[in-house]
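A.B. asks: My questions concern the predicted model and sequence given below.
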Amino acid sequence: MARIIAFLYGLLAYLVFLGAFLYAIGFVTGLVVPKTIDAGAVVPLGEALVVNILLLSLFAIQHSVMARKAFKKWWTQIVPVSVERSTYVLFASLALVLLFWQWRPIPTIIWQVTNPQIAMVVLGLSFVGWLLVLLSTFLINHFELFGLHQVVINLAGRTMSEPRFKTPAIYKLVRHPIYLGFIIAFWLAPVMTAGHLLFAAVTTAYIFVGIFLEERDLIELFGNEYERYRQRVAMLVPFTWK
């Protein structure tokens, strides 16, 4: 029964993530969803800046702290190892949902592509960024990354195998294609408002902090194998400084 409950919990966490991810696409692009990055009541600039930075900081802190080895060691004394990743994914997704709900638009236009054809190209490229994010997760095991694989393995009465270092497809060109996809998705906007610019700038800054923390953990986990990978493969842009 405990394994079934863990599986249902992991499935719920994955579905919440999936909903948050799909909503994020609409939120950033301004399409389909009811509340977007530029929609909602406009409040004084100071209030908007404080609220939005707090929302982004909450996500960044949760996302970084819960991913660290020391936190996981403590956290798994409270929650079962089998649902640790699902819990992390659930909390991150809920932090995103809170951000979507409470985000304050800052509608001042920084730039705007007025040519309809070029605007469509820019929007299309932003969707390429989202596609790159999703594709990159599947290349390294999408369901393990978001906790579903762990609860399925636990349901079957098995334990997770030791992590193996692998660099499939695009990972041979850049070390962090998921982050590259997010940067493309956030910055390629036909209309860039001040609120969107704030979102893109803060998330990009956090991406570089996240890369630093993640690579430190990967070096600890895989040692020289990852160090050699860093030496031959660029961080974000293929064939550039590593």
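C.D. replies: Received it, and whenever you're ready, just let me know what you need. These numbers were taken from a predicted model, which means no experiment stands behind them. Residues are numbered from 1 along each chain as shown.
A.B. asks: Could you verify my assumption that Ile207 touches Tyr179?
C.D. replies: Yes. Contact criterion Cβ atoms under 8 Å: Ile207 and Tyr179 qualify, at 4.8 Å. Just so you know, the C-beta spots here come from the backbone N, C-alpha and C atoms, and that holds for glycine as well.
A.B. asks: Looking at the two, which is more packed in?
C.D. replies: For Ile207 and Tyr179, the more surrounded residue by other Cβ atoms under 10 Å is Tyr179, and the numbers stand at 23 against 19.
A.B. asks: Now do the contacts for that one.
C.D. replies: Tyr179 sits next to Ile207, Gly210, Ile211, Leu236 when contact means Cβ atoms under 8 Å, 6 or more residues apart in numbering.
A.B. asks: ok, 6 Å please
C.D. replies: Ile207 (Cβ atoms under 6 Å, 6 or more residues apart in numbering).
A.B. asks: ok, now the one 4 residues further on?
C.D. replies: Each residue near Ile183 by Cβ under 6 Å, 6+ apart is listed here: Thr204.
A.B. asks: Please repeat the previous calculation with a cut-off of 7 Å.
C.D. replies: By Cβ atoms under 7 Å, 6 or more residues apart in numbering, the contact set of Ile183 is Thr204, Ile207.
A.B. asks: any idea which element it lies in?
C.D. replies: Assigned by DSSP states H and E, Ile183 belongs to helix 177-187.
A.B. asks: Quick check: what element follows that helix along the chain?
C.D. replies: Heading C-terminal from helix 177-187 (DSSP H and E), you reach strand 191-193.
A.B. asks: so how far is that next one from its chain's centroid?
C.D. replies: Distance, stretch centre to chain centre, for strand 191-193: 21 Å (Cα atoms, centre = their mean, to the nearest Å).
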